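Chemist: Take this sequence and fold it.
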Amino acid sequence: MLKQLQELQNVDFEGYAYFEEQEAVLPVFTLMDIPADEWNRRARINNTEAFIREHRRMPDTYEEVRSWIDSLIAAPDPTPILSEETIKSLLQIVSKATKKYRLAENGAAESITIR
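Modeler: The predicted model follows:
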């Protein structure tokens, strides 16, 4: 698992810590934010690929892709993806405090409550 973490570009591997809840020593890592220009580059590629799949042709310009994407956003499907009950359940889960663990300077695992 360590090798896989080290190969990822947006993961900062911090070490290992013992977690009582899992009764195991697990890797501790932080996910780093990807810069906006990288997100934009990826979005441009994905949008263009989606355009080609949908229209079975290359776009004349990227503006044609953007117009198509904007038209999808402007006219969303009115069918809900999740039921109202599922949405309420998810909101309850998200509103509860969650814990994140990290390796303290003295080598012990410490938890941080995130609200």
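Chemist: hey, let's count contacts and neighbours off CA atoms from now on
Modeler: Will do.
Chemist: Any buried residues in the lengthiest helix in the chain, and which?
Modeler: Criterion DSSP state H: the longest helix present in the chain is helix 36-55. Neighbour-count burial for helix 36-55 flags Asn47, Thr48, Glu49, Phe51 (criterion: 16 or more other C-alpha atoms under 10 Å).
Chemist: Save these as TSV, and put in distance to Asp33 and pLDDT too.
Modeler: What follows is these, written out as TSV (distance: C-alpha to C-alpha, whole Å; pLDDT from 0 to 100):
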residue	distance to Asp33	pLDDT
Asn47	21	95
Thr48	24	96
Glu49	24	96
Phe51	27	95
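Chemist: Please tabulate these in CSV and include distance to Arg66 as additional columns.
Modeler: Output for the buried residues of helix 36-55, formatted as CSV (distance: C-alpha to C-alpha, whole Å):
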residue, distance to Arg66
Asn47, 8
Thr48, 9
Glu49, 12
Phe51, 9
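Chemist: could you say what helices and strands the longest helix of the chain packs with?
Modeler: helix 62-74 (3 or more C-alpha pairs under 8 Å, 6 or more residues apart in numbering; DSSP states H and E).
Chemist: ok, residues contacting the helix it packs on?
Modeler: With C-alpha atoms under 8 Å, 6 or more residues apart in numbering as the test, helix 62-74 has contacts from Asn47, Thr48, Phe51, Pro59.
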